[in-house]
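Engineer: Below are the sequence and a predicted model for it; my questions follow.
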Amino acid sequence: MSTFCIGCGREIAAERAELGYTYCTAPACQAEYRRGPTVTAVAVNKSGDAFRVAEPDEIAARAAAGEFATKNTGLGTVHETTPPIPAPRRPRPARPVRPAEPSWTPAQENIVRLYADMGLSPRQIVERARQNTPRLGVTETLAVRILSSARRSP
């Protein structure tokens, strides 16, 4: 059985007629008779819009029922006053940091650096210092500490 378009009178394809369409796919007939779902953007607080796809009558009924209205999310919450936040304490001004005084004498530093400039190792420096200046009491640990520190300004 063939069905004809209600707009222009052309024959409608059998598949289209089985789906329940009463109009053809011609642009003029589509523009006049097509009634489909409508996409409606619903504004949502602090996020992107939510989109609803439905028939225009359904959207209007849902909007009238208040489904898209702003929701009061504060219901049932108890707002308590918070205690005041104390003012931050001001930090004390930092004391000027003085470099620590070295625990060796200028004479010890001079002899250690002299022998180090000659290319001797800390162990060789101690041996040479014990031979030539035993009163200074240079040890291997002291020689390493002196050589690891910055030179004193004259």
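Structural biologist: In hand now; what should we look at?
Engineer: From here on, just use CA atoms for contacts and neighbour counts.
Structural biologist: Noted.
Engineer: roughly how far is stretch 124-141 from the heart of the chain?
Structural biologist: Distance of stretch 124-141 from the chain centroid (CA atoms, centre = their mean, to the nearest Å) equals 59 Å.
Engineer: What residues of that stretch count as buried?
Structural biologist: Within stretch 124-141, the residues scored as buried using 16 or more other CA atoms under 10 Å are Ile125, Val126, Glu127, Arg128, Ala129, Val138, Thr139, Glu140.
Engineer: ranges for the helices of the protein?
Structural biologist: Here the chain has its helices, by DSSP state H, at 14-18, 27-33, 56-64, 106-117, 122-132, 140-148.
Engineer: Figure out which of those is closest to Val42.
Structural biologist: Counting by CA to CA, Val42 lies closest to helix 56-64 out of these; the figure is 9.8 Å.
Engineer: Flag the shaky bits of the chain, pLDDT-wise.
Structural biologist: 1, 45-46, 68-81, 99, 153-154 (pLDDT under 70).
Engineer: Walk me through the domains of it.
Structural biologist: For the chain, automatic domain parsing gives the domain ranges 3-33, 36-66, 106-148.
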